[in-house]
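**Student:** predicted model and sequence follow; I will ask about them next.
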Amino acid sequence: MKHLSEEHLILHYYGETDAGEHLDHCSACRAELQRLSATLDAFHSYTVPERQAGYEALLWQRIAPQVRTRTAVWWKQPLILGPIFAGLVVAAFFAGLRKEGISQADIELMSKGNPARALGLAP
């Protein structure tokens with residue numbers, strides 16, 4: 001017969017598994033569960049100590065020198081990234097126009113606010 005592991009017995013102690021059938025037939029596992037139960041029951045008599053007033057402030061004073069603050073990288077700033085991306089979009093647009101064989105005069109018309117005329121869509 002395969003015996004239950006200590007982990008399985010602890011889970012049974014807390015009611016998270018059902019090992020009752022095995023424990024009914026195995027005296028070694030039953031004795032081990034009684035030993036573990038006595039140990040775990042002893043912890044119920046301990047009370048959690050109350051923290052003193054100002055505990056959080058004291059804790060932050062101790063760990064503050066160890067906490068590194070991260071400085072923001074210049075290119076991750078939203079006020080810098082927006083104009084950079086806008087400039088790249090405009091540059092890509094004009095690069096695409098040049099690649100498709102649109103003349104410099106048409107590009108000038110587009111930049112003056114009349115793209116439909118430059119592309120031959122307007123009279």
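**Tutor:** Cool, got the structure.
**Student:** run through who's touching stretch 21-41.
**Tutor:** With contact meaning Cβ atoms under 8 Å, 6 or more residues apart in numbering, stretch 21-41 is reached by 1, 3, 4, 6, 9, 10, 12, 13, 19. Every C-beta, even on glycine, is put in place using the N, C-alpha and C of the backbone.
**Student:** the closest residue to residue 19 other than its chain neighbours: how many residues sit nearby?
**Tutor:** Once flanking residues are discounted, residue 19 sits nearest to residue 12: 4.4 Å by Cβ to Cβ, 6 or more residues apart in numbering. Counted with other Cβ atoms under 10 Å, the neighbours of residue 12 add up to 20.
**Student:** now do residue 12 against residue 29, distance only.
**Tutor:** 9 Å (Cβ to Cβ, to the nearest Å).
**Student:** check residue 14 too.
**Tutor:** Distance from residue 14 to residue 29, by Cβ to Cβ: 16 Å.
**Student:** how about residue 64?
**Tutor:** To residue 29, residue 64 is 51 Å away according to Cβ to Cβ.
**Student:** between those two, which one's more packed in?
**Tutor:** With neighbours defined as other Cβ under 10 Å, residue 64 and residue 29 compare such that residue 29 has more, 21 against 9.
**Student:** how about the more buried one, nearest residue that isn't a chain neighbour?
**Tutor:** That would be residue 4: by Cβ to Cβ, 6+ apart, it lies 4.9 Å from residue 29.
**Student:** next up, the contacts around the one you found.
**Tutor:** Here residue 4 is in contact with 12, 19, 22, 23, 26, 29, 32 (Cβ under 8 Å, 6+ apart).
**Student:** so where do the helices sit in the chain?
**Tutor:** 6-13, 20-25, 27-42, 55-63, 78-99, 104-111, 115-118 (DSSP state H).
**Student:** mean pLDDT lowest where, among those helices?
**Tutor:** Out of the helices of the chain, helix 115-118 stands lowest, with a mean of 60 (criterion: mean pLDDT).
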